[in-house]
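Q: Need coordinates for the following:
(2 chains)
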Amino acid sequence: MYRYDEFDTDFVSARVEQFTDQVRRRLAGDLDEDQFKPLRLMNGVYLQLHAYMLRVAIPYGTLNGAQMRKLAYVARTYDRGYGHFTTRQNIQFNWPRLKDIPAILEELAKVEMHAIQTSGNCIRNVTADHFSGAAADEILDPRPYAEILRQWSSLHPEFSFLPRKFKIAVTGAPHDRAAVQVHDIGLQAKRDANGNVGFAVFVGGGLGRTPMIARKVRDFLPEEELLAYCEAILRVYNRYGRRDNKYKARIKILVHETGVETLKADIEHAFEEIRHGVLRLPQDEIDRITDYFAAPAFAAGADADALDRATAADPALAAFVERNLQPHKAPGYASVTISLKPIGKAPGDATADQMDAVAALAERYGHDEIRVSHEQNLVLPHVRKADVPAVFEGLKDTGLAEANAGLVTDIIACPGMDFCALATARSIPVAQRISERFGTPDRQRDIGDLKIKISGCINACGHHHVGHIGILGVEKKGEEYYQITLGGSGDENSAIGEIIGRGFSYEEVVDAVETLVDTYIGLRDAPDEDFLAAYRRVGDAPFKEALYGTA
Amino acid sequence: MAAQLFRDGAFVADDWHHLGEDDPLPDSGAVILPLGRYLEVVATAPASLGLAVLLRAGDEPDALQPHLSQLGLIAVDFAKFSDGRGYSIARLLRQRHGFDGELRAVGDVLLDQIPLMRRCGFTAFEIVHAPTRRALEAGHDVEVPLYLQPAERAGERPAGARAWARRPAASRI
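A: Next comes the predicted model:
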């Protein structure tokens, strides 16, 4: 993984110093709250419903054991003993005190971490496939490019006061696990017939109030032009993105209102001017960054059948292996998903002890690598299959061995009204109740792959638009009300879910989900036709009828 | 409160005056005009009158192309500090148009944004905000003096072998 050199270390220290000074000037009254707000947001400090929230960057979701231990230390020392992993592969702490934040940032800097650009109207933490560098289907590891983009975008002088936030995601596999088509810029790394690296470039995707699937503007952008092209896109967006209404300020609205062809012409014009300039990526710089992401020395060991023998003897382990293991490019290896969705718990939360336990497992069995997935789980990307039983035992000891990756209880939910000042409805308790309803192992496995995503307001932080079943909490006459969408998807066949009909109360919504699931089970062709495939085959009529009766 | 001009590390006397759309044009002196007015009068203004132009956030800097050789000063208005269009305007003037005169940030110009403005090519700042003026007078530096991308400010020095790692010009302000 990427390691700081002296320059990076000095950069982050200087940024901590800068923010410490900004806090001091705020407290002295030299900055008013309006002036201070974008400065603290650019350093991940939000004012939430009950307290400040600090969001720490985990670039493209990659971290090591020492970094995870530091997050545990922060949770234990400055928060209430836990942290919340987010859909953007970051972690947020919900209860720090403003006066402690400079000290927290100093602690983080000791392990090459920071909170730079985890919020605010700037280029946010770049996200990537959580199985990068490990997945069997990967064409190339996207993380070197994510790192190059991270560096270029850090404290970018031109793009620190954009119309709105700006999110970039990169994937290097044909199966898109990074949801690139619902990002402001989505990059799909590929190789041409001659083996040259380039990117399909998507622009203008996003969820929120106006969900849109991104439009492709380049089929193969050569890697050396990546930064110049991104700078051109950002420059066009910075100049012409709407600033009169924050709900219409994302680049997706600019794409929609200008038209993709016109906007593409603007981008190409801006690009042509800088294409051969200083931003052209030198091959030695690409190589230098790529070297940091060299795969560890994989050694599968002699006993290839150890895992098979262990699963034959332990049905719980067999269930875990069936759901939570991902094919690895190296023989004898797998990637292990650590579900942060224990039945009935808040999605994405981990206690300090759990973080320490995961760090220890990564150090002992996982080449010291951990990933955070945008589905709010953790991943040990490189585990010898022979070590999976030991990892499973370690996870059981810390309460994180739920064999539910990709199942109905592997729910994404935003913090909702329990924490967030914007939310209009609770989302975590709805996730907990659905989890309890479907939580028995046999039932969830019978239901199969099903992504439920829950947002507590129309800003859609829970990505409900791309849930196979999406749930949007709204407020109606002082009551929480939940609107259900079906058929959304955030992969290489991205789709926005369709609203099925009138919403349901907080009490009714779990029954409604159960009705949908039972309807699916009744009409699927075969047990391996999953919910989304069945919905795409039959349409919404049977689901509508089951929920609302015939008209 | 009248603005004061900060340039090359010090507050300096300023000979230029801002004129609005309807203010009468003097015969001599030096005035900064909004873009539309500037384009209207540039051909007919008396030779004894110095002219500069003020670009607002939505203005197209391309409109100045025919006049750039005569312009020694372009001001860019930040009506609200949170509106970042002026940064791109500055870069376009330096990059696309090769403008090498004074680029002046005016309006809601605050201490924490000045380092970013400098890197986009601004060389002078009209300061209204009292705490910003006090901090500048005291030499209070708020910049992260390490850069991870190229920009427009002259004199930025490479820092090591990395492609874009830079440090500021030897003289900071």
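Q: Partner strands of the lowest-mean-pLDDT helix or strand in chain A, with direction?
A: Across the helices and strands of chain A, mean pLDDT, DSSP states H and E gives its lowest value to strand A:45-47, namely a mean of 86. Sheet pairing for strand A:45-47, assigned by DSSP bridges, gives strand A:52-56 (antiparallel).
Q: residues making contact with the helix or strand of chain B with the lowest mean pLDDT?
A: Ranking every helix and strand in chain B by mean pLDDT, DSSP H and E puts strand B:157-158 at the bottom, with a mean of 88. Residues outside strand B:157-158 that contact it (Cβ atoms under 8 Å, 6 or more residues apart in numbering or on different chains): B:Ala165, B:Arg166, B:Arg167, B:Pro168, B:Ala169, B:Ala170. (Glycine included, C-beta is placed from N, CA and C.)
Q: now that strand: how far from the chain's centre is it?
A: How far strand B:157-158 lies from its chain's middle: 23 Å, per Cα atoms, centre = their mean, to the nearest Å.
Q: residue of chain B with the smallest distance to chain A?
A: Nearest to chain A, among the residues of chain B, is B:Gly84, at 2.9 Å (Cβ to the nearest Cβ).
Q: phi, psi of that residue?
A: Note on B:Gly84: backbone dihedrals following degrees, to the nearest 10 are phi -90, psi 10.
Q: neighbours around it, how many?
A: By other Cβ atoms under 10 Å in any protein chain shown, the residues close to B:Gly84 number 28.
Q: Could you do B:Arg119 as well?
A: 25.
Q: again with A:Ala526
A: 6.
Q: Quick check: it vs A:Lys345, distance?
A: Separation of A:Ala526 from A:Lys345 (Cβ to Cβ, to the nearest Å): 32 Å.
Q: cool, A:Phe392 as well?
A: In terms of Cβ to Cβ, A:Phe392 sits 19 Å off from A:Lys345.
Q: quick one: which of those two has more around it?
A: A:Phe392 (22 against 19).
Q: Let me know the next secondary structure element after whichever strand or helix holds the more buried one.
A: For A:Phe392, the host element (DSSP states H and E) is helix A:388-397. Counting by DSSP H and E, the next helix or strand C-terminal to helix A:388-397 is strand A:412-413.
Q: Number of residues surrounding the residue nearest to A:Ala312 when sequence neighbours are not counted?
A: In this structure, A:Ala312 finds its nearest non-sequential neighbour in A:Ala318, 7.5 Å apart by Cβ to Cβ, 6 or more residues apart in numbering or on different chains. Look at A:Ala318: counted by other Cβ under 10 Å, it has 16 neighbours.
Q: How about the one 10 residues further on?
A: Counted with other Cβ under 10 Å, residues neighbouring A:His328 total 24.
Q: what do you get for A:Glu138?
A: A total of 21 residues lie near A:Glu138 under the criterion other Cβ under 10 Å.
Q: ok now the least confident helix or strand of chain A, how far from the chain's centre?
A: On Cα atoms, centre = their mean, the centre of strand A:45-47 falls 20 Å from the chain's centre.
Q: Which of the helices or strands spans the most centrally placed residue in chain B?
A: Closest residue to the average C-alpha location of chain B: B:Arg104 at 2.0 Å, with Cα atoms, centre = their mean. Per DSSP H and E: B:Arg104 is located in strand B:102-107.
Q: Is it correct that A:Ala189 falls within a helix?
A: No. Assessed with DSSP: H, G, I helix; E, B strand; the rest coil, A:Ala189 is strand; it does not lie in a helix.
Q: in stretch A:104-121, what's buried?
A: Under the neighbour-count criterion of 16 or more other Cβ atoms under 10 Å in any protein chain shown, stretch A:104-121 has A:104-105, A:107-109, A:111-121 buried.
Q: What average pLDDT does the helix ranked longest in chain B get?
A: Using DSSP state H, we find that the single longest helix of chain B is helix B:85-95. Across helix B:85-95, pLDDT averages out at 97.
Q: what's in contact with that helix?
A: Residues contacting helix B:85-95 (Cβ under 8 Å, 6+ apart): A:157-161, A:235, A:238-239, A:243, A:273-274, B:55, B:57-59, B:61, B:64, B:74, B:76-78, B:99-100, B:103, B:105, B:116-117, B:120-122, B:151-152.
Q: Which ones among those map onto helices?
A: A:Arg235, A:Asn238, A:Arg239, A:Glu273, A:Ile274, B:Leu116, B:Met117.
Q: now the last one, nearest residue through space, not along the chain?
A: Sequence neighbours aside, B:Ala105 is the residue nearest to B:Met117 in space, at 5.1 Å (criterion: Cβ to Cβ, 6+ apart).
Q: can you pull the contacts of the one you found?
A: By Cβ under 8 Å, 6+ apart, the neighbours of B:Ala105 are B:Ala75, B:Val76, B:Phe78, B:Gly86, B:Ile114, B:Met117, B:Phe122, B:Ala124, B:Phe125, B:Glu126.
Q: Let me know the helix or strand that residue 39 is in.
A: Since no chain was named, I'll use chain A. Assigned by DSSP H and E, A:Leu39 falls in helix A:33-41.
Q: you looked at the wrong chain, it should be chain B
A: Going by DSSP H and E, B:Leu39 is part of helix B:35-41.
Q: hmm, the host helix or strand of A:Arg288 in reach of chain B?
A: Secondary structure from DSSP H and E places A:Arg288 in helix A:283-292. Yes. Judged by Cβ under 8 Å from any Cβ of the partner chain, helix A:283-292 comes into contact with chain B at A:Glu285, A:Arg288.
Q: related to what we said a few turns ago, do you know how far the residue of chain B closest to chain A is from A:Gly470?
A: From B:Gly84 to A:Gly470 the distance is 33 Å (Cβ to Cβ).
Q: And for A:Leu49?
A: Separation of A:Leu49 from A:Gly470 (Cβ to Cβ) stands at 24 Å.
Q: between the two, which one's more packed in?
A: A:Gly470 (30 against 14).
Q: Hmm, that one is touching A:Ser489, no?
A: No. Judged on Cβ atoms under 8 Å, A:Gly470 makes no contact with A:Ser489 at a distance of 10.2 Å.
Q: A:Gly44 - how many residues pack around it?
A: 25.
Q: swap in A:Asp314?
A: 15.
Q: can you pull out the strands in chain B?
A: B:4-7, B:10-12, B:17-18, B:29-34, B:49-55, B:73-78, B:102-107, B:124-127, B:157-158, B:166-167 (DSSP state E).
Q: I should have written the stretch 201-350 of chain A there, sorry.
A: Using DSSP state E, counting those that start in this stretch, the strands found in the stretch 201-350 of chain A span residues A:215-222, A:325-327, A:333-338, A:349-351.
Q: Pull up the gap between A:Pro415 and chain B, please.
A: 25 Å (Cβ to the nearest Cβ, to the nearest Å).
Q: nope, A:Gly259 is what I was after
A: 19 Å.
Q: give the contact list for that residue.
A: So A:Gly259 contacts nothing (Cβ under 8 Å, 6+ apart).
Q: same question, A:His84
A: Per Cβ under 8 Å, 6+ apart, neighbours of A:His84: A:Ile91, A:Gln92, A:Phe93, A:Asn94, A:Ala346, A:Gly348, A:Asp349, A:Pro415.
Q: B:Leu33 now?
A: So B:Leu33 contacts B:Leu19, B:Val41, B:Leu51, B:Ala52, B:Val53, B:Leu54 (Cβ under 8 Å, 6+ apart).
Q: burial measure for the closest residue to the last one other than its chain neighbours, as a count.
A: Read it as B:Leu54. Nearest residue to B:Leu54, sequence neighbours excluded (Cβ to Cβ, 6+ apart): B:Ala75, at 4.6 Å. B:Ala75 has 24 neighbours, counted by other Cβ under 10 Å.
Q: Sounds good, over and out.
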